[in-house]
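>>> Just need the structure, nothing else, for what follows:
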Amino acid sequence: MDIEKRIEKARKAVRESVGQHRAIAEALGVHYNWVRKFASGALVEPGAVKFAKLEAWLAKNGPD
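Predicted coordinates for the structure are as follows:
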């Protein structure tokens, strides 16, 4: 899967994880606003390390 599709898949999963944004931020070691901006699409390039952490978190904890 190309990176754009992976980002959109993760963005959708984060949007569906309403109520867990603070937990996601804590797990990734990022500010809550990063998660909100990513979910809204305002953050176009999330950064490779942060995105990899997000994908790993979603694989374990994200919506089905």
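
>>> which stretches of this structure have low pLDDT?
64 (pLDDT under 70).

>>> What segments of it are helices?
Taking DSSP state H as the criterion, the chain contains helices spanning 3-16, 21-28, 32-40, 48-61.

>>> Dump the ones you listed to TSV, plus mean neighbour count.
All C-beta atoms are positioned from the backbone trio N, CA, C, and that covers glycine. As requested, the helices of the chain are exported to TSV (neighbours: other CB atoms under 10 Å):
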stretch	mean neighbour count
helix 3-16	14
helix 21-28	16
helix 32-40	17
helix 48-61	14
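
>>> what's near enough to touch Lys50?
Leu28, Val30, Trp34 (CB atoms under 8 Å, 6 or more residues apart in numbering).

>>> Stretch 29-44: end-to-end distance?
Stretch 29-44 has an end-to-end distance of 19 Å (CA to CA, to the nearest Å).

>>> And the contacts of Lys50, which is closest to Leu58?
When these are compared for distance to Leu58 (CB to CB), Leu28 comes out closest, at 10.4 Å.

>>> State the distance from the closest one to Asp2.
As judged by CB to CB, to the nearest Å, Leu28 and Asp2 stand 22 Å apart.

>>> can you check His31 too?
As defined by CB to CB, His31 lies at a distance of 28 Å from Asp2.

>>> Likewise for Gly41?
Distance check for Gly41 against Asp2: by CB to CB, it reads 17 Å.

>>> Which residue of those two possesses the greater neighbour count?
Looking at Gly41 and Asp2 with other CB atoms under 10 Å, you find the greater number of neighbours at Gly41, namely 11 against 6.

>>> Quick check: closest non-adjacent residue to the more buried one.
In space, Gly41 comes closest to Arg11 once its chain neighbours are excluded; the distance is 6.6 Å by CB to CB, 6 or more residues apart in numbering.

>>> Ok, Ala39 next?
Val14 (4.4 Å).

>>> Check whether that neighbour really touches His21, as I assumed.
Yes - using CB atoms under 8 Å, Val14 is in contact with His21, at 7.4 Å.

>>> Check the contact lists of these two and give me the overlap.
Both Val14 and His21 are in contact with Val35, Ala39, where contact means CB under 8 Å, 6+ apart.
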